[in-house]
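Colleague: sequence and predicted model, in that order:
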Amino acid sequence: MATEKKPEIMTCDFEIRGDMPKEAFQLFAIAQAQILGLRGYITQVSGDLYRGTLQGEGKVIEAFKQLIMTAAEFVAALKEFIIKNLKAIQEYTYKTFEIKSN
């Protein structure tokens, strides 16, 4: 009897550049991450730069990126979404997805 392999947990850092309204964008990002079951955080580093960490299945991280990139209310303001340092981890280090203040 074959045992089903659990999907790997991935972690990555991300950067989003764009002139989006801070509160609305962060709440949107949290809602999407929670719907997808991602963990990590987002924080605004400067006026047009957000950084954070995502943890979840690789395909779910990619789905999050696509949701953010195609969100009608932010698509015109969004300049780029970069995923860096993608790697597998043994277990989650975040309990939820949250906003961190800097």
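Modeller: Cool, got the structure.

Colleague: I figured residue 28 hits residue 74, correct?
Modeller: Yes. With contacts counted by CB atoms under 8 Å, residue 28 reaches residue 74, the gap being 7.2 Å. The way it works is simple: take the backbone N, C-alpha and C, and place the C-beta from them, glycine included.

Colleague: check which helices and strands the strand of greatest length in the chain sits against.
Modeller: Looking across the chain with DSSP state E, the single longest strand is strand 78-89. Packing contacts for strand 78-89, counted by 3 or more CB pairs under 8 Å, 6 or more residues apart in numbering; DSSP states H and E, involve strand 9-18, helix 58-70.

Colleague: in that strand, what's buried?
Modeller: Neighbour-count burial for strand 78-89 flags 78, 81 (criterion: 16 or more other CB atoms under 10 Å).

Colleague: same question, stretch 44-56
Modeller: Neighbour-count burial for stretch 44-56 [16+ other CB under 10 Å]: 44, 50-56.

Colleague: what's next to that stretch, contact-wise?
Modeller: By CB atoms under 8 Å, 6 or more residues apart in numbering, the surrounding residues in contact with stretch 44-56 are 9-19, 22, 25-26, 29, 33, 36-43, 61, 64, 79, 83, 89, 92-94, 97, 100, 102.

Colleague: only whichever of these are buried, select them in ChimeraX.
Modeller: Buried residues within these, by 16+ other CB under 10 Å, are selected in ChimeraX with:
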select :9,10,11,12,14,16,17,18,25,26,29,33,36,38,39,40,41,42,61,64,97
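
Colleague: circling back: which of the buried residues of stretch 44-56 lies closest to residue 68?
Modeller: Set against residue 68, the nearest of the buried residues of stretch 44-56 by CB to CB is residue 50 (9.8 Å).

Colleague: and the closest one, how far is that from residue 9?
Modeller: 23 Å (CB to CB, to the nearest Å).

Colleague: after the lengthiest helix in the chain comes which helix or strand?
Modeller: In the chain, taking DSSP state H as the definition, the longest helix is helix 22-36. Next along the chain after helix 22-36, taking DSSP states H and E as the criterion, comes strand 39-46.
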